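Chemist: Give me a 3D structure for the following:
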Amino acid sequence: MTKASEISDAAAEWLIRIEGPTAPNTWDALQAWMDADPRHRAAFIRLRVAWNRVDRLKNMRPVDGTVDSDLLSRSNISLPQC
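Modeler: Numbering: from 1, shown residues only. The predicted model follows:
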C-alpha cells in the first residue's frame, strides 16, 4: 500500500508538471494517475485548492512590498476554520 506522504509528493509533482506548457499526453497521464486510486484524486484536488488560495493571497500583496496587517480583514476572502 502506498503511504499518504508518497501520494502527496506525487500530487505535488503533477501540479508542478501542469503549471507550465504541457503536451496532451501529460494530461492523459495525470488523469490515469488520478483514476488509479481515489486517494490520488483527493490529494491532487486538495493540493490544487491550496495552491489557488495561495495565488489569490499573493495577488493581494501591495505592489510596494509593504506588509499591511489588516489586509485580510478588509478583503472578501474567507479562510477555512481549522
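
Chemist: Please, which helix or strand holds residue 48?
Modeler: helix 38-59 (DSSP states H and E).

Chemist: Show me what that helix is packed against.
Modeler: helix 4-19, helix 24-36 (3 or more C-beta pairs under 8 Å, 6 or more residues apart in numbering; DSSP states H and E). Bear in mind the C-beta positions are built from the backbone N, C-alpha and C, glycine included.

Chemist: Indicate which one of those is closest to residue 53.
Modeler: Among these, the nearest to residue 53 by C-beta to C-beta is helix 4-19 (13.2 Å).

Chemist: So which bits of the closest one are buried?
Modeler: 7, 11, 14, 15 (16 or more other C-beta atoms under 10 Å).

Chemist: I would like the residues contacting it, please.
Modeler: Contact with helix 4-19 is made by 26-27, 30, 33, 37, 39-40, 43-44, 46-48, 51, as judged by C-beta atoms under 8 Å, 6 or more residues apart in numbering.

Chemist: circling back to that earlier point, could you dump the buried residues of helix 4-19 to JSON lines with distance to residue 70 and pLDDT?
Modeler: Converted to JSON lines, the buried residues of helix 4-19 look like this (distance: C-beta to C-beta, whole Å; pLDDT from 0 to 100):
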{"residue": "7", "distance to residue 70": "38", "pLDDT": "96"}
{"residue": "11", "distance to residue 70": "34", "pLDDT": "96"}
{"residue": "14", "distance to residue 70": "36", "pLDDT": "96"}
{"residue": "15", "distance to residue 70": "31", "pLDDT": "93"}
